[in-house]
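Asks: dropping the sequence and predicted coords here.
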Amino acid sequence: MRINEEIRAREVRLVGEDGEQLGIVSGRDAYQLAVEKNLDLVEIAPTAKPPVCKLMDYGKFKYEQSKRDKEVRKKHKVIEIKEVKLRPNIEDHDLETKAKNAQRFLADGDKVKVTIMFRGREITHPELGRVLCIRLAQIVKDISHVEREPKVEGRNMIMILTPNKHD
């Protein structure tokens, strides 16, 4: 946004501080009026013919805008991807613990990346990893759904779960 002396247009459509239309005036006269009223001349629609300028307190305007932006950011939830790592020969109790962690992540609205790490020759039995992924997905099926089916990537099998939408 251009303000005060930065506005180079010969003529501008001037809007007063209360929003009333003051008509088309020369850029110099508009700036002079802003100085007299102890305000800033702010170009709010530079592409219009002639450009639209408004008399306002620019510092106050920037402050209000930053407050609005903070409110929007506060309400916006950033979805993170949390990871749960497993091994193909995990014990049942350990799987339940990992499932509880996944449930907690999903309840917070985050995605969960389930990684099954194969060591040595375990990679020759990817079906064990697939069964484990399906078991974990069954445990958390009431609060999530599978976004990406289990798939082997290198020495790992990866599945992604996303939380169900709460409408």
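Replies: On my side now, so go ahead.
Asks: how close does Val15 get to Glu43?
Replies: Per Cβ to Cβ, to the nearest Å, Val15 is found 11 Å from Glu43. Yep, even glycine has a C-beta here, placed from its N, CA and C like the rest.
Asks: common neighbours of the two, please.
Replies: Shared contacts of Val15 and Glu43 (Cβ atoms under 8 Å, 6 or more residues apart in numbering): Val52, Cys53.
Asks: so which bits of stretch 137-148 are buried?
Replies: Buried residues in stretch 137-148, counted by 16 or more other Cβ atoms under 10 Å: Ala137, Ile139, Val140, Ser144, Val146.
Asks: wait, isn't the fourth one in contact with Asp110?
Replies: No: at 10.5 Å, Ser144 does not count as touching Asp110 under the criterion of Cβ atoms under 8 Å.
Asks: what's the overlap in contacts for the two?
Replies: Pro163.
Asks: picking that back up, pull the most distant pair out of the buried residues of stretch 137-148.
Replies: Ile139 and Val146 (12.4 Å; Cβ to Cβ).
Asks: just grab the bridge partners of Lys82 for me.
Replies: Taking DSSP bridges as the rule, Lys82 bridges to Val112.
Asks: no no, Ser26
Replies: Glu11.
Asks: just confirm it contacts Ala9, I think it does.
Replies: No: using Cβ under 8 Å, Ser26 is not in contact with Ala9; the gap is 9.0 Å.
Asks: so which of these two has more stuff around it?
Replies: Between Ser26 and Ala9, counted using other Cβ atoms under 10 Å, the more crowded position is Ala9 (18 against 14).
Asks: using PDB, write down the CA coordinates of the helix ranked longest in the chain.
Replies: The residue-count maximum for a helix in the chain (DSSP state H) belongs to helix 58-75. The C-alpha coordinates for helix 58-75 follow below in PDB (Å, rounded to 0.1, in the frame of the first residue of the first chain):
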ATOM      1  CA  TYR A  58      -2.300   4.600   9.000                       C
ATOM      2  CA  GLY A  59      -0.600   3.400  12.300                       C
ATOM      3  CA  LYS A  60      -4.000   2.600  13.800                       C
ATOM      4  CA  PHE A  61      -5.000   0.900  10.600                       C
ATOM      5  CA  LYS A  62      -1.900  -1.400  10.600                       C
ATOM      6  CA  TYR A  63      -2.400  -2.200  14.300                       C
ATOM      7  CA  GLU A  64      -6.100  -3.200  13.700                       C
ATOM      8  CA  GLN A  65      -5.100  -5.300  10.700                       C
ATOM      9  CA  SER A  66      -2.400  -7.100  12.700                       C
ATOM     10  CA  LYS A  67      -4.900  -7.800  15.500                       C
ATOM     11  CA  ARG A  68      -7.300  -9.300  12.900                       C
ATOM     12  CA  ASP A  69      -4.500 -11.400  11.400                       C
ATOM     13  CA  LYS A  70      -3.600 -12.800  14.800                       C
ATOM     14  CA  GLU A  71      -7.200 -13.800  15.500                       C
ATOM     15  CA  VAL A  72      -7.300 -15.600  12.200                       C
ATOM     16  CA  ARG A  73      -4.000 -17.400  12.900                       C
ATOM     17  CA  LYS A  74      -5.300 -18.400  16.400                       C
ATOM     18  CA  LYS A  75      -8.400 -20.100  15.000                       C
END
